[in-house]
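> need coordinates for the following:
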Amino acid sequence: MEQQMVSLDPLAEWDADEYPEPADLRLVRGTAAFVTAVFLAVIALAIFAGSYFVDASVDKYLLREIAFAIGAFSLPLALLAVVLTLPANARAVAIAVAGVVICLVAIAFFSHHYPHNWNVSTNDATLTGMAIYAAGVLPVALTAGVALSLYVVERLCLLLLPEEVRADPELTRERVREHIGELVDDGSD
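Numbers count the residues shown, from 1 in each chain. Next comes the predicted model:
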C-alpha cells in the first residue's frame with residue numbers, strides 16, 4: 001500500500017477543476033486581489049494610451065490623471081495579493097494593508113496637485129508625491145518579499161525531512177518546524 005504524502009500547502013493540493021474549500025479563503029482572496037490588480041493595470045494603460053487619440057474637447061490631463069491613479073493602485077494591490085495568498089501572519093497582512101492605504105494617500109495627493117503642480121518648475125509637488133507613494137509601496141513590497149522567502153524556505157525545509165515524517169497524515173506546520181529545529185540542532189554539533 002502506497003502512502004500518500006500530506007502537503008501543508010493548499011496551493012499544491014488545489015485541483016484546477018475544483019473550488020477551494022470555504023475554510024481556506026486565503027487563496028481566494030489573494031487570487032481575487034491579483035486578478036483585480038492585473039485588470040486595473042490593463043485598464044490604466046488603455047486609458048492612458050487612449051488619451052493620445054481623443055478629441056480636443058476632451059481633457060487629456062483628466063484622462064491621464066485617472067490612468068495614473070488606477071495604475072498606481074494596481075502595483076501595491078498586486079503585492080498585497082502575494083501576502084494574502086501565502087501563509088503570512090496577521091501582522092504581515094496589517095503592514096501590507098497599511099502600505100496600500102499610504103499608497104492611496106499618495107494617489108489622492110497626486111490627484112490634488114496634477115497637472116498644475118506636477119513636474120513643473122514652481123510649486124512642484126512631484127517629489128513629495130513620489131516620496132509618499134514610495135513610503136507606501138516599500139512596506140508592501142518588503143512584506144511580500146519576506147512572505148515569499150519564508151514560503152520558499154519552508155518548502156525547501158520540508159524536503160529535508162525524512163520520508164516517514166513527510167508521509168505522516170497527522171503532520172502539522174508546528175511539527176515540521178520541530179523537525180527542522182532538530183535538523184538544525186543535529187547539524188550544529
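> and the next helix or strand past the helix or strand of the chain with the lowest mean pLDDT?
Lowest by mean pLDDT, DSSP states H and E among the helices and strands of the chain is helix 10-13, with a mean of 53. Once the chain leaves helix 10-13, the next helix or strand it forms, by DSSP states H and E, is helix 25-50.
> what's the following helix or strand after that next one?
For helix 25-50, the following helix or strand on the C-terminal side (DSSP H and E) is helix 60-85.
> now that next one against helix 25-50, angle please.
Angle of helix 60-85 versus helix 25-50, following axes from the mean of the first three to the mean of the last three Cα atoms, to 10 degrees, is 160 degrees.
> which helix in this protein runs the most residues?
For the chain, the helix reaching the highest residue count under DSSP state H is reported as helix 126-160.
> show me what counts as buried in it.
With burial defined by 16 or more other Cβ atoms under 10 Å, the residues of helix 126-160 counted as buried are 129, 132-133, 136-137, 139-141, 143-144, 147, 151, 154, 158. Heads up, the C-betas are built off the backbone N, CA and C, glycines and all.
> redo these as JSON lines? Include distance to V100 and pLDDT.
Converted to JSON lines, these look like this (distance: Cβ to Cβ, whole Å; pLDDT from 0 to 100):
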{"residue": "G129", "distance to V100": "16", "pLDDT": "95"}
{"residue": "I132", "distance to V100": "13", "pLDDT": "98"}
{"residue": "Y133", "distance to V100": "11", "pLDDT": "98"}
{"residue": "G136", "distance to V100": "7", "pLDDT": "98"}
{"residue": "V137", "distance to V100": "9", "pLDDT": "98"}
{"residue": "P139", "distance to V100": "9", "pLDDT": "97"}
{"residue": "V140", "distance to V100": "6", "pLDDT": "97"}
{"residue": "A141", "distance to V100": "11", "pLDDT": "97"}
{"residue": "T143", "distance to V100": "10", "pLDDT": "96"}
{"residue": "A144", "distance to V100": "11", "pLDDT": "96"}
{"residue": "A147", "distance to V100": "15", "pLDDT": "91"}
{"residue": "Y151", "distance to V100": "20", "pLDDT": "85"}
{"residue": "E154", "distance to V100": "25", "pLDDT": "78"}
{"residue": "L158", "distance to V100": "31", "pLDDT": "75"}
